[in-house]
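Asks: the sequence isn't on hand, but the structure is:
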Ligand SMILES: Cc1cc2nc3c(=O)[nH]c(=O)nc-3n(C[C@H](O)[C@H](O)[C@H](O)COP(=O)(O)OP(=O)(O)OC[C@H]3O[C@@H](n4cnc5c(N)ncnc54)[C@H](O)[C@@H]3O)c2cc1C
């Protein structure tokens with residue numbers, strides 16, 4: 001019996017994987033690659049499945065679930081510590097490790113589901129921190145060259161929720177992530193007003209690491225940004241659209257309409273995708289299709305319920321993007337990944 005991807009994704013949608021391989025032992029990677037290299041369809045690599053919308057038809061090739069564990073630390077000069085994590089470690093475990101060890105640099109990533117290996121794919125981030133800020137290097141397997149390679153941040157093409165790896169899905173599998181964290185009992189300055197409010201401190205204050213992470217968890221919980229085991233919002237992939245880039249003229253219009261405009265860490269003007277959805281008439285709790293609704297807390301998170309299908313979920317994404325474009329001329333782009341089957345021969349790309 002083939003495994004359902006629904007059992008490996010937080011949306012709990014997705015048909016069967018042709019073959020599911022759980023990768024737990026880093027030393028066994030060469031055997032695993034040999035086991036799939038003769039297949040016609042390139043493998044789809046899955047972490048925690050918290051940013052993946054798997055098709056109802058499943059995946060017609062092998063699926064590799066990254067489940068390798070292990071975190072080590074090495075002291076460098078000047079209060080810098082190099083932390084090495086296997087790709088299958090939950091990101092939350094790495095954040096907890098850093099906080100326990102008194103290391104600053106990823107404390108605001110507390111509460112983000114998924115694995116360490118997936119974080120560089122979309123340059124996962126929150127509250128002003130993103131994984132690229134502290135990344136020292138990555139060890140990857142290059143499926144085109146069929147060999148291991150090391151990537152340094154300059155070569156990763158990082159941007160706002162994107163990277164080279166996201167641009168060429170399936171070409172590289174991240175096996176190991178090395179971060180450079182700073183020995184400090186205090187978190188980076190708080191740059192989000194609502195977080196400062198929960199922490200009871202002014203903007204730009206520095207609070208102890210553990211308090212910063214606790215404040216983040218409370219804020220995420222209250223704003224519907226945390227993943228629960230049960231309840232109406234349990235089946236979700238977080239934000240379904242990226243905050244879109246806008247022109248200066250669109251920025252003026254957004255401001256006039258009461259929306260928020262900001263520059264991301266790469267100086268690109270953006271506005272809030274959630275605000276655009278609300279402007280187009282889609283609010284928290286809106287029922288959008290059988291089995292698909294906006295979460296009870298926010299329009300930008302869609303939740304699946306009994307009877308949901310990936311087809312319906314994806315159709316809703318298209319409808320929402322179309323509604324926003326019709327009303328504002330601004331294009332929304334989905335944030336989660338959709339496993340697309342690529343022939344092994346076709347993957348020999350860039
Ligand atoms: C409640 C909730 C809150 C969230 N909040 C945030 C947030 O604040 N900020 C944010 O950026 N994201 C957020 N997300 C999205 C998601 O959790 C992150 O993007 C996370 O990093 C995805 O990890 P994953 O292991 O679940 O990825 P998956 O869903 O398993 O995979 C996502 C993509 O990465 C690829 N991939 C996975 N592992 C590897 C690997 N080792 N090598 C190569 N490719 C790989 C997959 O093929 C797929 O294309 C949230 C999601 C939820 C459900």
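Replies: Great, that's in hand. Since this is a predicted model, take the numbers as computed values, not measurements.
Asks: okay, strands next: where are they in the stretch 201-350 of the chain?
Replies: Under the criterion DSSP state E, counting those that start in this stretch, the stretch 201-350 of the chain contains strands at 236-239, 261-263, 269-271, 287-289, 292-294, 301-304.
Asks: near the ligand, which residues of the stretch 201-350 of the chain show up?
Replies: Residues of the stretch 201-350 of the chain lying near the ligand by CB under 6 Å from any ligand atom: 225, 226, 227, 236, 237, 238, 337. In short, each C-beta sits where N, CA and C put it, glycine included.
Asks: can you count the residues close to the second one?
Replies: When you say that, I think you mean residue 226. 19 (other CB atoms under 10 Å).
Asks: my read: it touches residue 111, true?
Replies: Yes. Residue 226 lies in contact with residue 111 (CB atoms under 8 Å); the separation is 5.5 Å.
Asks: shared neighbours of those two, anything?
Replies: Residues touching both residue 226 and residue 111 (CB atoms under 8 Å, 6 or more residues apart in numbering) are 217, 220.
Asks: any idea which of the strands of the stretch 201-350 of the chain is most buried?
Replies: strand 301-304 (a mean of 25; mean count of other CB atoms under 10 Å).
Asks: contact partners of that strand?
Replies: With CB under 8 Å, 6+ apart, strand 301-304 has contacts from 11-13, 224-225, 232-240, 288, 291-296, 313, 316-317.
Asks: the longest strand in this protein is where?
Replies: strand 172-183 (DSSP state E).
Asks: which residue is it, in the stretch 251-350 of the chain, that comes closest to the ligand?
Replies: residue 337 (3.2 Å; CB to the nearest ligand atom).
Asks: poorly predicted segments of the chain, please.
Replies: Across the chain, the ranges flagged by pLDDT under 70 are 1, 344-350.
Asks: domain-wise, how is it divided?
Replies: The chain breaks down into these domains under automatic domain parsing: 5-68+340-347, 71-222, 241-328.
Asks: chain center to the last one, what's the gap?
Replies: Read it as domain 241-328. 17 Å (CA atoms, centre = their mean, to the nearest Å).
Asks: residue 211: how many residues sit nearby?
Replies: 17.
Asks: next, count neighbours for the residue nearest to it when sequence neighbours are not counted.
Replies: Leaving out its chain neighbours, the residue that sits closest to residue 211 by CB to CB, 6 or more residues apart in numbering is residue 199, at 6.5 Å. Neighbours of residue 199 under the rule other CB under 10 Å: 20.
Asks: just to revisit the earlier point, gap between the residue of the stretch 251-350 of the chain closest to the ligand and residue 99?
Replies: Distance, residue 337 to residue 99, using CB to CB, to the nearest Å: 28 Å.
Asks: ditto for residue 250
Replies: 40 Å.
Asks: of the two, who's got more company?
Replies: A count of neighbours by other CB under 10 Å puts residue 99 above the other of residue 250 and residue 99, at 22 against 18.
Asks: so which residues of this protein form helices?
Replies: 29-37, 91-100, 164-167, 193-199, 209-222, 248-256, 273-279, 310-328 (DSSP state H).
Asks: got the buried residues for stretch 308-322?
Replies: 308, 309, 310, 312, 313, 314, 316, 317, 320, 321 (16 or more other CB atoms under 10 Å).
Asks: what sits against the fifth one?
Replies: This means residue 313. 11, 13, 53, 289, 292, 302, 304.
Asks: specify the beta-bridge partners of the fourth one.
Replies: Note on residue 289: beta-bridge partners by DSSP bridges are residue 292.
Asks: which residues touch it?
Replies: 312, 313, 315, 316.
Asks: dump those residues into CSV; add distance to residue 156 as well.
Replies: Compiled in CSV, these are given as follows (distance: CB to CB, whole Å):
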residue, distance to residue 156
312, 35
313, 29
315, 33
316, 32
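Asks: between all of these, which two are separated the most?
Replies: Comparing all pairs in the contacts of residue 289 by CB to CB, the longest separation belongs to 313 and 315, at 7.3 Å.
Asks: what's the closest non-adjacent residue to the residue nearest in space to the middle of the chain?
Replies: The chain has residue 124 as the residue nearest its centroid, 4.9 Å off, counting by CA atoms, centre = their mean. Leaving aside its sequence neighbours, residue 124 sits nearest to residue 131 (CB to CB, 6+ apart; 5.3 Å).
Asks: residues near the one you found, how many?
Replies: 27.
Asks: quick check: it touching residue 121?
Replies: No. Between residue 131 and residue 121 there is no contact under CB under 8 Å: 9.4 Å.
Asks: show me what contacts whatever residue of the stretch 51-200 of the chain ends up closest to the ligand?
Replies: Nearest to the ligand, among the residues of the stretch 51-200 of the chain, is residue 114, at 2.2 Å (CB to the nearest ligand atom). Contacts for residue 114 (CB under 8 Å, 6+ apart) come out as 47, 48, 49, 50, 51, 90, 91, 124.
Asks: separation between the residue nearest to the third one when sequence neighbours are not counted and residue 237?
Replies: Nearest-residue entry for residue 49: residue 9, 3.5 Å, with adjacent residues in sequence omitted and distances by CB to CB, 6+ apart. For residue 9, the distance to residue 237 equals 8 Å [CB to CB].
Asks: any common contacting residues for the two?
Replies: In contact with both residue 9 and residue 237: 50, 52, 53, using CB under 8 Å, 6+ apart.
Asks: in strands, which of those fall?
Replies: Going by DSSP E, the strands hold none of these.
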